[in-house]
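Engineer: Fold the following for me, if possible:
(2 chains)
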Number of protein chains: 2
Amino acid sequence: MAHKKMHCDCMENIRPLRDTLDVINGKWKIPIIISVGVGNDRFTDIQESIPGISPKVLAKELKDLEQHKLLTRVIIEDYPVKILYRLEPYADSLKPIIQALKDWGINHRKQITSSATTSADLRSDILLKS
Amino acid sequence: MAHKKMHCDCMENIRPLRDTLDVINGKWKIPIIISVGVGNDRFTDIQESIPGISPKVLAKELKDLEQHKLLTRVIIEDYPVKILYRLEPYADSLKPIIQALKDWGINHRKQITSSATTSADLRSDILLKS
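Structural biologist: Numbering: from 1, shown residues only, chains lettered A, B, ... in the order given. This next block holds a predicted model:
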């Protein structure tokens, strides 16, 4: 018992991590960031670039991303008025994280599927959760 | 219409990213990795270091982490038999990611709370989701 580590600041360490995961998590935020990042700036274009997203969900997610200062809704005074979405420069700060997560995932799939000690069933079970 | 970017490989890009998020996500996996990493190697020690985790959930999560090759369950032939948990060296590959997520979260909280253009209500709403 004497060697037992006390409650290891885990929870303190976890909060900022959870803050980040809450932003990048979920099914849609990263696809939306990528879509706007490659140049889709109108609502319908963003929607059509992301299979399965409904207008209602897209509207909500865009608003969330705006609140998180990752993108801006720009109103162009024209006839008719145009509404465009633009990534904020701040969204770039997510890029290395997205890339790191992606690289780890690619390597992890190899790790799991190449293992001779993992049964085929187990392997497919682990990765199908994904 | 002509300038619209076609479905932007978003979904292809997303799969490995989702693989990673499925591993590090959830309430418990990272706290467990941190706890074992700081030296808690027995089931009860790990459990006591993580407030709120039940034995049943901990057992499941440990098994998951073992399947993901992030830790190993070591059986020490002794009287009575001891069971210890050790991080695999592979778990180190998650460290930079965990650190990057944490750093981004710390900075993001500053970004959101320091903004003069965001109302207090909105701010607490954004971060309370976290």
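
Engineer: make it CA atoms for all contacts and neighbour counts henceforth
Structural biologist: Fine.

Engineer: Start from the N-terminal end of chain A and give the helices.
Structural biologist: A:10-24, A:29-37, A:43-49, A:55-67, A:95-114, A:120-128 (DSSP state H).

Engineer: which residues of chain A score low on pLDDT?
Structural biologist: Where chain A drops to pLDDT under 70, the residues are A:1-12, A:115-130.

Engineer: and if we set it to 90?
Structural biologist: Flagging of chain A using pLDDT under 90 yields the residue ranges A:1-28, A:30-31, A:34, A:38, A:50-51, A:78, A:95-96, A:98-99, A:102, A:111-130.

Engineer: now could you export just the CA positions of stretch A:68-83 as PDB?
Structural biologist: C-alpha atoms of stretch A:68-83 as PDB (Å, rounded to 0.1, in the frame of the first residue of the first chain):
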ATOM      1  CA  HIS A  68     -15.300  28.400 -30.900                       C
ATOM      2  CA  LYS A  69     -13.800  31.100 -33.200                       C
ATOM      3  CA  LEU A  70     -12.700  28.500 -35.700                       C
ATOM      4  CA  LEU A  71     -14.800  30.000 -38.500                       C
ATOM      5  CA  THR A  72     -16.600  33.200 -39.400                       C
ATOM      6  CA  ARG A  73     -19.900  33.700 -41.100                       C
ATOM      7  CA  VAL A  74     -19.500  36.500 -43.600                       C
ATOM      8  CA  ILE A  75     -22.400  38.500 -44.900                       C
ATOM      9  CA  ILE A  76     -21.900  39.900 -48.400                       C
ATOM     10  CA  GLU A  77     -24.200  42.900 -49.100                       C
ATOM     11  CA  ASP A  78     -25.300  42.000 -52.500                       C
ATOM     12  CA  TYR A  79     -28.600  41.200 -54.300                       C
ATOM     13  CA  PRO A  80     -29.500  38.800 -53.000                       C
ATOM     14  CA  VAL A  81     -27.400  38.900 -49.800                       C
ATOM     15  CA  LYS A  82     -24.800  36.200 -49.800                       C
ATOM     16  CA  ILE A  83     -23.600  34.300 -46.700                       C
END
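
Engineer: what's in contact with it?
Structural biologist: With Cα atoms under 8 Å, 6 or more residues apart in numbering or on different chains as the test, stretch A:68-83 has contacts from A:23, A:42-43, A:62, A:65-66, A:84-91, B:112, B:126.

Engineer: swap the cut-off to 10 Å and go again
Structural biologist: The contact list for stretch A:68-83 (Cα atoms under 10 Å, 6 or more residues apart in numbering or on different chains) reads A:23, A:33, A:36-37, A:41-43, A:62-66, A:84-94, B:108-109, B:111-112, B:115, B:118, B:123, B:126-127.

Engineer: just the buried members of these?
Structural biologist: Neighbour-count burial (16 or more other Cα atoms under 10 Å in any protein chain shown) is assigned, among these, to A:23, A:33, A:36-37, A:41-43, A:62, A:64-66, A:85-87, A:91, A:94, B:108-109, B:112, B:123, B:126.

Engineer: Need the winner for burial among the helices of chain A.
Structural biologist: helix A:29-37 (a mean of 21; mean count of other Cα atoms under 10 Å in any protein chain shown).

Engineer: That helix to helix A:95-114, inter-axis angle?
Structural biologist: Here helix A:29-37 runs at an angle of 130 degrees relative to helix A:95-114 (axes from the mean of the first three to the mean of the last three Cα atoms, to 10 degrees).

Engineer: Let's see helix A:29-37 as PDB, backbone CA atoms only.
Structural biologist: C-alpha atoms of helix A:29-37 as PDB (Å, rounded to 0.1, in the frame of the first residue of the first chain):
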ATOM      1  CA  LYS A  29     -16.800  19.200 -36.900                       C
ATOM      2  CA  ILE A  30     -13.600  18.000 -38.600                       C
ATOM      3  CA  PRO A  31     -15.300  17.200 -41.900                       C
ATOM      4  CA  ILE A  32     -16.800  20.700 -41.900                       C
ATOM      5  CA  ILE A  33     -13.400  22.300 -41.100                       C
ATOM      6  CA  ILE A  34     -11.800  20.300 -43.900                       C
ATOM      7  CA  SER A  35     -14.600  21.100 -46.300                       C
ATOM      8  CA  VAL A  36     -14.500  24.900 -45.600                       C
ATOM      9  CA  GLY A  37     -10.700  24.600 -45.700                       C
END
